[in-house]
Structure formats: C-alpha cells, structure tokens
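1. sharing a model that was predicted from the sequence below.
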Amino acid sequence: MSAWWKDQQRCWVTFDTPDAISALRGERVHWAYHPTTRNPLNALRNFLLSIKLLRVERPEAIISTGAGVALPFFLTAKLMRIPTAYVEVYDRIDSQTLTGKLCRPLASIFCVQWEEQLKHYPGAVVIGPLL
C-alpha cells in the first residue's frame, strides 16, 4: 500500500509487535494497547487513545486494514467527521470479519480485495489484492 501513502504526511497506530516495530522503523508511530480481543479495558484505553491522538494529529483521513484498534479510531473519526477507509483482509473470502462487520457502518468507503467478498459486503469497492 506504500504507493498510496509514501508521499503523504502520515502517522501510524498499531501494536508494538516485532514485525510492526521493524516495518515502521523511521515512521511516526503511536502504540495501541493489546490484546484487544474481548478485553474491555484495552478497548476503552484504545478509545481514549483515539480521542487524544485524533485531536492532536487532526488527520485528513484514516485508513485501516482492520484488527482490534480499528473500531475505536473509526468511532472517534465518525464523531469528528474525519473520512475513513477500511480495507478488508485478503484471506477471508467466505465470511465477514468481526472488525469489518463493526467498522463497515462507520467507514466512508469500504474496500475489499476480492470480487468474492462482495457477496458479504454488497456495495464495497473492489481494489484488488494488496499483497
């Protein structure tokens, strides 16, 4: 996805996993709280983080590929009228992901990577595989 963002001012919000730390070396990164799956305390902490960061960063848009931190940021973005783009994962073509299901009503644009995903997300935009 670097073709989309390489020339844009940006910051990242993700989990401090070894792969993220390595991939985002040299980027502006804010670390979210994990685990998020079925962890109400970390969900609340990430919601509070989203309020704080979006008020400070004032992004023109938010792009997410899902997982636990997407929902609180999409909720806050919706309240702040910040456009959002959600990209559904490439490896789930037989059903919706939980994050996709929750973020879809909040997303300004909802993207899928495979035509087959349209049966679960009618009206989504097919952008093709990103990997």
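-> It's in.
2. immediately after the helix or strand where residue 72 lies, which helix or strand?
-> When elements are defined using DSSP states H and E, residue 72 is found to belong to helix 70-80. Remark: after helix 70-80, the chain's next helix or strand is strand 84-87, criterion DSSP H and E.
3. and that following strand, which strands flank it?
-> The strands that strand 84-87 pairs with in its sheet are strand 62-64 (parallel), strand 109-112 (parallel) (by DSSP bridges).
4. so for the helix holding residue 72, mean pLDDT?
-> Along helix 70-80, the predicted confidence averages to a pLDDT of 96.
5. buried set for it?
-> 70-78 (16 or more other CB atoms under 10 Å). Where C-beta positions appear, they are placed from N, C-alpha and C, glycine not excepted.
6. same question, stretch 53-71
-> Within stretch 53-71, the residues that count as buried by 16+ other CB under 10 Å are 53-54, 57, 59, 62-71.
7. how about stretch 117-131?
-> Of the residues in stretch 117-131, 117, 120-121, 124, 127 count as buried by neighbour count, 16+ other CB under 10 Å.
8. of these, which is the nearest to residue 44?
-> In terms of CB to CB, no member of the buried residues of stretch 117-131 lies closer to residue 44 than residue 121, at 28.0 Å.
9. ok, the residue nearest in space to the middle of the chain to residue 100 distance?
-> With distances taken as CA atoms, centre = their mean, residue 64 lies nearest the centre of the chain, 2.1 Å away. When CB to CB, to the nearest Å is applied, the distance between residue 64 and residue 100 equals 10 Å.
10. now for these two: what residues contact both?
-> Each of residue 86 lies in contact with both residue 64 and residue 100 under the rule CB atoms under 8 Å, 6 or more residues apart in numbering.
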